[in-house]
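> curious how this folds, go ahead:
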Amino acid sequence: MRYVFLCALPVLLGTLAGFGEPLGVGDSIQAAIDAAPEGATLELGPGTWTANLRIGKSITLKGAGAGESVIRGAVPGMPVILVSGDDVTVRLVGITVAGAVGEACAGGTRDLCPHGILARAGARVEITDCEVVDNAGCGLFVAGRAEALVAESSFARNGRAGVWAHDESKLTLIGVEIVGNPYGLIAASRAHVTARDSRIADNGHDGVLIADGARVYLWDNEITGNGRVGLCLDVPGCYRTEREFTGIVRGAGNTIPRGEKEGANRVAAYCPRGLAPLRTRLGGIYPPLSPDELLADFPGPIPAFGSPEAPVTMVEFSDFSCPYCARFAVEVLPDLRRAYIDTGRLRLLFLPLAAHGEASRKEAEAALCAAAQGIFGAFHDAMFAYSHAGKLPREFDPEFVRPLVAEAGGDPGEFAACLAAGTYAEAVDEIGRLAGILGVRGTPTFFVGNWAIPGAYRYEVFSGVIEMVLREER
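Predicted coordinates for the structure are as follows:
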């Protein structure tokens, strides 16, 4: 690598938003950042800069590509790039962040440590086409209420972890590689982490370690060849710890090999065993969904089929305007009713999710108004029969549903008043919030035990999952 220091450069090229002329920076990259207006884009040519940067304004640092434009730390105990401050968005594109040094954090606290990139407070950092390597701490540490969006980047050979999300931070990883670190990805405290289409491999200890109340969503990742467990919770039985896990792990389609397979994680694919469904195409959730806890404070009636005494409960997020939901209701649900619901083995809770605009929102409120009158089953069947036949109005029409209510034995006037008053608008909002927490990405989506069923699969898929959960309940 060729080292080029700012003192030997006439300028560091910068393109300002709305200006388009180069920005002279003298001999200091930090001075260039400090002098640049909000929203500026500073373009770094090929070379290596020795600097520990503090960024407290919205700005873009755009390099010539990872391995071409390098920012290397020098001050012991400090991050190479510190991004801090509310309402600050920093974009890092095409650069290498390397060489944070020091055995301890600066000042003896954990606020400033030798990470490659540290985002804290209410800042947002967007990292694209970068590599973050050979830092004494973590490659990326996200803390406080900070947000980080990382795409097509790599984190390798960092001293503690590739990426760590802590406190109430939010982290999204898309197409990222986290390889060759002691730990791959750590999510702790109350962090909210989504990883999709990423590779978390060949880390010395765990690939993904999740603790405390973190909410982690893993979609179609490769978690392979890690030195201990591929996907692990920091709980008794998996670690020597007394910590309790109060968060959520949700996902599907993850490659997490075990045993003697090529690329297998050395000790185990996952721990605890309840994480196993995350390796399947259907996917799953941990801990097993508890409908009673999930809906303990629900501000409305809960539409349901079956007995509250059934040993297994399945939760459905659905939408009357969704053709796949209609297919399930017409083609699959009748068989499930006969085999499981009517025989007292399964209860189905129906949560109307407003996924298709204002019409589906009013339909969701209508479902709850029907449930309040005790006519939900008949209303459900009639609405989905029309939807399946393509006869449901595109715009919600209260006059269309009035005869459905009357035929179901309800009071059309009371029903109309319920809709007009928006009696269950808050409940529909709550269903949307719960869907977000549970990682619902479309309708219909079902949860039963540790399993998720994301779509209108054939009857055999539902019966197979239900039978597994029934066996676990015995």
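
> what residues does stretch 290-307 touch?
With contacts defined as Cβ atoms under 8 Å, 6 or more residues apart in numbering, stretch 290-307 is touched by 313, 315, 337, 340-342, 344, 346-352, 367-368, 370-372, 376-377, 380, 423-424, 426-427, 430, 434. To be clear about C-beta, it is placed using only N, CA and C from the backbone, and glycine gets the same treatment.

> what distance separates the opening and closing residues of that stretch?
End-to-end distance for stretch 290-307, by Cα to Cα, to the nearest Å: 16 Å.

> coming back round to it: show me how to select, in PyMOL, the buried members of the contacts of stretch 290-307.
Applying 16 or more other Cβ atoms under 10 Å to the contacts of stretch 290-307, the buried members can be selected in PyMOL as follows:
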select buried, resi 313+315+337+340+341+346+347+348+349+350+351+352+367+368+370+371+372+376+377+380+423+424+427+430+434
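
> residue contacts, Ile186?
Counting by Cβ under 8 Å, 6+ apart, Ile186 has contacts 161, 163-165, 208-211.

> and the helices in the stretch 151-300 of the chain?
With DSSP state H, counting those that start in this stretch, the ranges of helices along the stretch 151-300 of the chain come out as 291-294.

> pLDDT weak spots in it?
The stretch 151-300 of the chain contains no residues with pLDDT under 70.

> the stretch 351-474 of the chain: strands as residue ranges?
For the stretch 351-474 of the chain, strands defined by DSSP state E, counting those that start in this stretch occupy the ranges 445-448, 451-453.

> how about the ones you listed in JSON lines, adding mean neighbour count?
Formatted as JSON lines, the strands of the stretch 351-474 of the chain follow (neighbours: other Cβ atoms under 10 Å):
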{"stretch": "strand 445-448", "mean neighbour count": "25"}
{"stretch": "strand 451-453", "mean neighbour count": "24"}
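
> now for those strands, which one comes closest to Leu218?
The minimum distance between Leu218 and the strands of the stretch 351-474 of the chain falls on strand 451-453, with 12.3 Å, by Cβ to Cβ.

> who's in contact with the closest one?
With contact meaning Cβ under 8 Å, 6+ apart, strand 451-453 is reached by 250, 252, 277, 282-285, 445-447, 461-462, 465, 468-469.

> mind listing what Arg266 touches?
226-228.

> from His205, how far out is it?
10 Å (Cβ to Cβ, to the nearest Å).

> and the helix or strand hosting Arg91, which strands flank it?
Remark: Arg91 resides in strand 89-93, with elements defined by DSSP states H and E. Sheet pairing for strand 89-93, assigned by DSSP bridges, gives strand 59-62 (parallel), strand 124-128 (parallel).

> which outside residues touch the longest one?
Applying Cβ under 8 Å, 6+ apart, the set of residues contacting strand 124-128 from outside is 83, 88-94, 117, 119, 140, 142, 146-153.

> may I see the PyMOL selection of the buried members of these?
Those of these that count as buried under 16+ other Cβ under 10 Å are selected in PyMOL with:
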select buried, resi 83+88+89+90+91+92+93+94+117+119+140+142+146+147+148+149+150+151+153
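
> isn't Glu473 up against Ala310?
No - contact criterion Cβ atoms under 8 Å: Glu473 and Ala310 do not qualify, at 10.0 Å.

> which one of those two has more residues nearby?
Ala310 (20 against 11; other Cβ atoms under 10 Å).

> so the more buried one sits in a helix?
No - checked against DSSP: H, G, I helix; E, B strand; the rest coil, Ala310 lies outside a helix; its state is coil.

> so it sits right up against Leu348, yeah?
No - the criterion here is Cβ under 8 Å, and Ala310 misses it with Leu348 at 9.0 Å.

> need the overlap of contacts for those two.
In contact with both Ala310 and Leu348: Ile341, using Cβ under 8 Å, 6+ apart.

> how about the secondary structure of the closest residue to Asn158 other than its chain neighbours?
Excluding the flanking residues, the one nearest Asn158 by Cβ to Cβ, 6 or more residues apart in numbering is Gly139, at 4.2 Å. Using three-state DSSP, the structure places Gly139 in strand.

> how close does Gly139 sit to Cys130?
10 Å.

> looking at those two, which is more packed in?
Under the criterion of other Cβ under 10 Å, the comparison of Gly139 against Cys130 puts Gly139 first, with 33 against 29.

> could I get the buried residue list for the helix or strand Cys325 falls within?
Using DSSP H and E, Cys325 maps to helix 323-327. By neighbour count on 16+ other Cβ under 10 Å, the buried set for helix 323-327 is 325-327.

> same check on stretch 243-261?
Going by 16+ other Cβ under 10 Å, stretch 243-261 has these buried residues: 245, 247-258.

> of all those, which comes closest to Glu177?
Of all the buried residues of stretch 243-261, Glu177 sits closest to Thr255, with 14.1 Å by Cβ to Cβ.

> quick check: the gap between the closest one and Gly225.
Counting by Cβ to Cβ, the gap from Thr255 to Gly225 is 11 Å.

> please apply the same query to Ala74.
33 Å.

> more neighbours, these two?
Applying other Cβ under 10 Å to Ala74 and Gly225 shows that Gly225 carries more neighbours, namely 19 against 12.

> quick one, strands of the stretch 1-150 of the chain?
Using DSSP E, counting those that start in this stretch, the strands of the stretch 1-150 of the chain run over 14-15, 40-43, 47-50, 53-55, 59-62, 69-72, 81-83, 89-93, 96-98, 117-119, 124-128, 131-133, 138-142, 147-151.

> export these to CSV and append columns for distance to Ala201.
Shown next, in CSV, are those (distance: least, Cβ to Cβ, whole Å):
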stretch, distance to Ala201
strand 14-15, 36
strand 40-43, 33
strand 47-50, 28
strand 53-55, 30
strand 59-62, 28
strand 69-72, 24
strand 81-83, 25
strand 89-93, 23
strand 96-98, 20
strand 117-119, 21
strand 124-128, 19
strand 131-133, 15
strand 138-142, 14
strand 147-151, 16
